[in-house]
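A.B. asks: turn this into a model:
(2 chains)
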Amino acid sequence: MEPLNNKQLSTPKLYLLTGLILLAVGLLFGISGAIQYLVPDYLKEHFSFEKIRPLHVTSILFWIILGSTGGVVSYLQQYNNQKIKYPFLLKIQYFIFSTTILAILIAYIFGFFGGREYWEFPPILALPIAIGWILFIINFISSVKTFRNQPVYIWMWMTGLVFFLFTFIESYLWIFPYFKNNIINDMTIQWKSAGSMVGAWNMLIYGSSIFLMEKISSNKKHGHSIVAFALYFTGLFNLLFNWGHHIYTLPTYQYIKHISYAVSMTEIILFSRIIWLWKDSVTTAKKHFHYAAYRFLLAADLWIFLTLLLAILMSIPAINIYTHGTHITVAHAMGSTIGINSFLLLAICFDILHDTCIPIAVNIKWLNRGYWITNISLFIFWISLIIAGILKAKWQMSASPEPFSVMMLQLRPFFGLFFIAGTIMSIGFYLILYPLIKNQIVCYINQSKIK
Amino acid sequence: MASDLQKTTVAVILIASFLAYTCFLYMSLPIKSYATSNACIEGKKTWQNYNCAACHQVYGLGGYLGPDLTNVYSKRGPQYIQAFISNGTNVMPNFHLSNNEQENLIAYFKNIDSSGKSDPKTFFVNNNGTIEQ
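C.D. replies: All right, here's what the predicted structure looks like:
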């Protein structure tokens, strides 16, 4: 079997490296987008927000997708103590994904859109992504061999893989007139798929995080415990049925909203568990804090707490009518994708890539600074969005609201704070990403020289 | 430790319920009448081709740089919309849409407007936390 931290740039590491580069690029697009909130004329004619936003969103989404793929394959190989069944399929999948992502970004730059939120590229480009994902599922199932007596992370990976494909296909049902010809039907199915898809990639990332935690703590029992499976089934229950909280204000069936409200409240179980285990978490944190990978797991733990609290509140319809359509939902999305998804994926990246060519200890000082800068500025970034959201909610509920442009001017100080915190956060991320990316590129060059 | 049979049973029940729920929803979508004009269908295409959802919302879903456009048709009227589309604003570029594209887009806004109200002030809250319009 290929050792985990050897000096080869293997295909799973290539997935992680490409994901990290996309994160770096996505942050730049994010800063450009934030500038447009402050200076609306900035790049308006040639690179306006309808191009910048999808460039940012797609880069970050594919960081999550490629990072999850690299993590799942690497850990599956470690778990099985042998290589993935079809390495060539993994390479084909990588080739398909990387060329499609490039084509998507070029399409945005030239103004070709499919115009659906999150998947804003022309629908034809969804086809290679679906094909690549099917190859991934074939490879995974062939490598796992049996599903008997498997730990929870194998269940989570399998769930994430299958439901990502299902929801991805579902998100393209709009191409059929039956679904697309009425806005209410279209939006009901669009948010059904989008809501569940987030749960699907969370399954992939959380599964890998549980594997990593087991590895750090050397406790192999957790993955088989009743608690782990109870939490997995709570997560699955929410993945399948809680998507309706996105569309409480849409005039669709009431039962969709009631089911979603009831199911979302089961997340209180997950929230309570975090509080229950808080003391243990702090003790474990002190013990393992010197591991770069563990630090990111710890940061993600804090962000799960904050984001879950916000998510539970937003899932109550009586509160949702205030938060819906405001920057509070952006705060929730940013808390999830940066604070949870990205931090967990960075933990996985540090575990898999940390000593590939140059020991990470060489850069530990800058890495520490990057870690704290990112976390503190993310918190300020998150708070500024929540305050902007509260002010917008007040405007939405006002009996005689001022014009939209006046309201946006009043929010400008918080957009300014959001921009400054976002820029500092990106600098923090670059301090973290630099050693990881440089390390892999050095490896790649060395590898090429040997060949 | 739970047995494989117990875990599989729970998973099968959940997934089967989800599939039944999904099939039921696909077959009984909330809006039965699809009397949508060609202009509206083309307008939706224009909305997507220019990625309008990056900045604008419909029923509160979309980007937040521009306003929610669900009921812009009844609140502002077609001339107001056309003036914005054909000239752009301080924030929104002029996309140089053809007359045909502008008319289709306005037909699409009219269609969205007729589907319901997105204003959160039109909802009232029940004691159990649910909302109604």
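
A.B. asks: pLDDT wise, what is residue 81 at?
C.D. replies: This is for chain A. On the pLDDT scale, A:N81 is placed at 90.

A.B. asks: ah, I was thinking of chain B
C.D. replies: pLDDT at B:I81 comes out at 95.

A.B. asks: so it versus chain A, what's the distance?
C.D. replies: 14 Å (C-beta to the nearest C-beta, to the nearest Å). Heads up, the C-betas are built off the backbone N, CA and C, glycines and all.

A.B. asks: tell me if I'm right that that residue and B:K75 touch.
C.D. replies: No. Contact status for B:I81 versus B:K75: not in contact, 10.0 Å apart, counting by C-beta atoms under 8 Å.

A.B. asks: and for stretch A:402-414, what's in contact with it?
C.D. replies: A:37-38, A:327, A:384-385, A:387-388, A:391-392, A:395, A:401, B:66-67, B:90 (C-beta atoms under 8 Å, 6 or more residues apart in numbering or on different chains).

A.B. asks: out of those residues, which two sit at the greatest distance?
C.D. replies: A:I387 and B:N90 (24.1 Å; C-beta to C-beta).

A.B. asks: so where's chain B shaky on pLDDT?
C.D. replies: B:1, B:33-35 (pLDDT under 70).

A.B. asks: okay, now the domains of the chain?
C.D. replies: Going with chain A. For chain A, automatic domain parsing gives the domain ranges A:1-145, A:273-451.

A.B. asks: let's do chain B instead
C.D. replies: If you go by automatic domain parsing, chain B breaks into B:1-30, B:38-120.

A.B. asks: so for A:Y94, which of those domains sits nearest?
C.D. replies: domain B:38-120 (28.0 Å).

A.B. asks: for stretch B:62-71, which outside residues touch it?
C.D. replies: With C-beta under 8 Å, 6+ apart as the criterion, stretch B:62-71 contacts A:36-37, A:49, A:53, A:117, A:325-327, A:330, A:392, A:404, B:52-60, B:91-92, B:109, B:112-113, B:116-119.

A.B. asks: need the phi and psi values for the closest residue to chain B within the stretch 301-450 of chain A.
C.D. replies: In the stretch 301-450 of chain A, no residue comes nearer to chain B than A:G325, which is 3.1 Å away by C-beta to the nearest C-beta. The phi/psi pair for A:G325 (degrees, to the nearest 10) reads phi 80, psi 10.

A.B. asks: quick check: it touching B:G60?
C.D. replies: Yes. With contact defined as C-beta under 8 Å, A:G325 and B:G60 form a contacting pair (3.1 Å).

A.B. asks: please, where are all the strands along chain B?
C.D. replies: All strands of chain B, identified by DSSP state E, fall at B:57-58, B:61-62, B:124-125, B:131-132.

A.B. asks: tell me which residues touch the residue lying closest to A:M203 once chain neighbours are set aside, please.
C.D. replies: Nearest non-adjacent residue to A:M203, counting by C-beta to C-beta, 6 or more residues apart in numbering or on different chains: A:G160, 3.3 Å away. Neighbour list for A:G160: A:S68, A:V72, A:A200, A:W201, A:N202, A:M203, A:L204, A:G207 [criterion: C-beta under 8 Å, 6+ apart].

A.B. asks: touching chain A at all, the longest helix belonging to chain B?
C.D. replies: Identified as the longest helix of chain B according to DSSP state H is helix B:4-27. Yes. Helix B:4-27 is in contact with chain A by C-beta under 8 Å from any C-beta of the partner chain, via B:D4, B:K7, B:V10, B:A11, B:L14, B:I15, B:S17, B:F18, B:Y21, B:T22, B:L25, B:Y26.

A.B. asks: give me the neighbour count for the closest residue to B:A53 other than its chain neighbours.
C.D. replies: In space, and not counting its chain neighbours, B:A53 is closest to B:G62: 4.2 Å by C-beta to C-beta, 6+ apart. A count of nearby residues for B:G62, using other C-beta atoms under 10 Å in any protein chain shown, gives 19.
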